[in-house]
Structure formats: structure tokens, C-alpha cells
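K.L.:
For reference, the sequence and a predicted model appear below.
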Amino acid sequence: MFFEKKLNFFLGALLRNVEKNKCGSFCADRNVLGNREPLSFTIIAKSNIIGGMKKAILSPSILSADFSRLGEEISLIGKNGGGLVHIDVMDGHFVPQVTYGQSVISSIRKCTDLPFDVHLMIDRPELSIRSYIDSGADWVTFHIEATAHADLCVQTIHEAGKKAGIAICPATPVSAIEHLLPMVDLVLVMTVNPGWGGQKLIPYTVEKVRALADIKNTGNYGFLISVDGGINAETLPSVLDAGTDIFVSGSSFFRGTLGWQS
């Protein structure tokens, strides 16, 4: 099955054909998120997997990109169905690994017009959120486990005109962020332990997505639900079925095994 839809994207008209993959069929749709506009996709899933229509946005993580040709890798995101660029910032404290910071984000901003989805895996994010926004972040997501000032973080992001996200590790219950749900634009459910790419999805985290989707529907909240970790052609249907709006994929996307084609 093949679907085709004309999409107005950024300054010009863009026609994208998105072919059938293992999780169903996709057609492009216009969805405004922040100051820039990501591509979203209507997923017409196989009835035995989801049984309905679901819009979702692919946010490839550059953590799994080839950094010797990072500009080229980022350009491939938009060409292969990505609607956001997911940027994992690690400080060596909140998580053991160290990745990149503001200077790298600033240097790659010119490589794409797609929104930057910056995921801060750092301690005390309230001290540096503004600098990541100044570097080019459109969405800023911080961890509830990393700060005692979550409300201040959300305020700082919104005052800068950007989208605020809150992330939870696999062992953190949804109840830990319920008071923030009316305020945030995004909830990121870590489906693996943060800090490393290439891990397998932790099954019980999918139920947290389902719980968030129920809370969102009951409370008529506007936040989007994102998942990060172990997302591939096999696990994607389950997280979409649970209520995911945005899915982060690193290893599978850059290896070309996720199944998305433009």
C-alpha cells in the first residue's frame, strides 16, 4: 500500500513519497512544533498490530551518527523521514558518558532546518538551559531526577519561546511528574537506562507510555509522549500502540534497519 500527500514544509512546497515498511504505511502531514516545523507521518498500521491510524514523528538521535561526517548524517535525517533531530547531551555525572555541548549544537544548526530536540542528561539543568537554547535548541527536555527545580526549568524554557519537555528514567514512576503534566509540551519516557546507545527496550516502560496516554486523554492535556531507547522495526509497533507521538531511534535509523524510506 502506498500513500502520497502534498506537504507544505518551511518556505516551499515539498512533495514526499513515503513507502511501505514493516510497521505499516506512512504519509506526510504538516505539524507545527515550536519555531520550526517537523515532518509528521500518519501511520496506517496493519490491523493485527495497531488496528487504526496513528500520527507519529521520527526523531533520529545523532548519538549513533558517524561524527566524522556529521553534517552529511544530519542531512540524511530529513531525507529519510525524520521530523526532528534528537541531540543527547551527557555530562559524565547524571550519566557516566560525556557527549557534546553547546558549541557542537551551534555548529550543526546550519546543517538542517529541522527542529532540534535537545535531551539534557545532565545534573542541575536549570544552570545551563538558557545556553542550550541560545545554541539552537527548539525543544529542551530535562530529567526530573536531575533537578529540584523542575518548575523553574519549565518556566525558563517557555520564557524563551521554546518547548519544554520532562524525561523520566525507566525506574521513575509516572506519578513523579503528574504535577508538571499541565505545564509541559513533551514527556519523554526512557525505554532504556540513559547513557548508552544500542540497548534493548525494557518491556515495562511501554506500560508507562500507556498510563501517560490515559492521563493525557482524561485530563485533556496537550503534551506529546516520546520514547527513547531500543526503538527498532520490531519494538516500534508496541510503543505506537501504547500512545507514543514521537519516537527516538539512533542505531536502527543510522544503520538503515528501521524501515523508513523517503
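P.N.:
Okay, I see it.
K.L.:
which residues of this protein fall in helices?
P.N.:
Along the chain, the segments classed as helices by DSSP state H run 70-79, 102-108, 129-135, 150-159, 205-219, 236-242, 251-255.
K.L.:
Buried deepest among these, which one?
P.N.:
helix 236-242 (a mean of 22; mean count of other Cβ atoms under 10 Å). All C-beta spots, glycine's among them, are computed from the backbone N, C-alpha and C.
K.L.:
A56: which of the helices of the chain is closest?
P.N.:
Within the helices of the chain, the stretch nearest A56 is helix 236-242; the backing value is 6.0 Å (Cβ to Cβ).
K.L.:
what is the mean pLDDT for that closest one?
P.N.:
Per-residue pLDDT over helix 236-242 has a mean of 95.
K.L.:
Quick one: list the elements packing against it.
P.N.:
Contacting helix 236-242 under the criterion 3 or more Cβ pairs under 8 Å, 6 or more residues apart in numbering; DSSP states H and E are the following elements: strand 39-45, helix 205-219, strand 246-249.
K.L.:
I'd like to know which elements the shortest one is packed against.
P.N.:
In terms of contacts (3+ Cβ pairs under 8 Å, 6+ apart), strand 246-249 is packed against strand 53-60, strand 116-121, strand 224-228, helix 236-242.
K.L.:
Repeat the analysis, applying 10 Å as the threshold.
P.N.:
Packed against strand 246-249 by the contact rule (3 or more Cβ pairs under 10 Å, 6 or more residues apart in numbering; DSSP states H and E) you find strand 53-60, strand 85-90, strand 116-121, strand 186-190, strand 224-228, helix 236-242.
K.L.:
Next: the second one.
P.N.:
Based on contacts counted as 3+ Cβ pairs under 10 Å, 6+ apart, the elements that helix 205-219 packs against are strand 163-168, strand 186-190, strand 224-228, helix 236-242.
K.L.:
Would you mind giving these as JSON lines with distance to Y204 added?
P.N.:
Output for these, formatted as JSON lines (distance: least, Cβ to Cβ, whole Å):
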{"stretch": "strand 163-168", "distance to Y204": "13"}
{"stretch": "strand 186-190", "distance to Y204": "11"}
{"stretch": "strand 224-228", "distance to Y204": "13"}
{"stretch": "helix 236-242", "distance to Y204": "11"}
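K.L.:
Against H158, how distant is F94?
P.N.:
23 Å (Cβ to Cβ, to the nearest Å).
K.L.:
and what of S106?
P.N.:
Distance from S106 to H158, by Cβ to Cβ: 22 Å.
K.L.:
ok, now I133?
P.N.:
Applying Cβ to Cβ, the value for I133 to H158 is 11 Å.
K.L.:
Among the helices and strands packed on helix 205-219, which comes closest to S252?
P.N.:
Nearest of the helices and strands packed on helix 205-219 (Cβ to Cβ): helix 236-242, 8.7 Å.
K.L.:
and that closest one, C-alpha only, in CSV?
P.N.:
Extracted in CSV, the C-alpha atoms of helix 236-242 (Å, rounded to 0.1, in the frame of the first residue of the first chain):
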residue,chain,number,x,y,z
LEU,A,236,8.0,0.3,17.2
PRO,A,237,4.5,-1.1,16.8
SER,A,238,4.2,-1.7,20.6
VAL,A,239,5.1,1.8,21.6
LEU,A,240,2.9,3.3,19.0
ASP,A,241,0.0,1.2,20.1
ALA,A,242,0.6,2.4,23.7
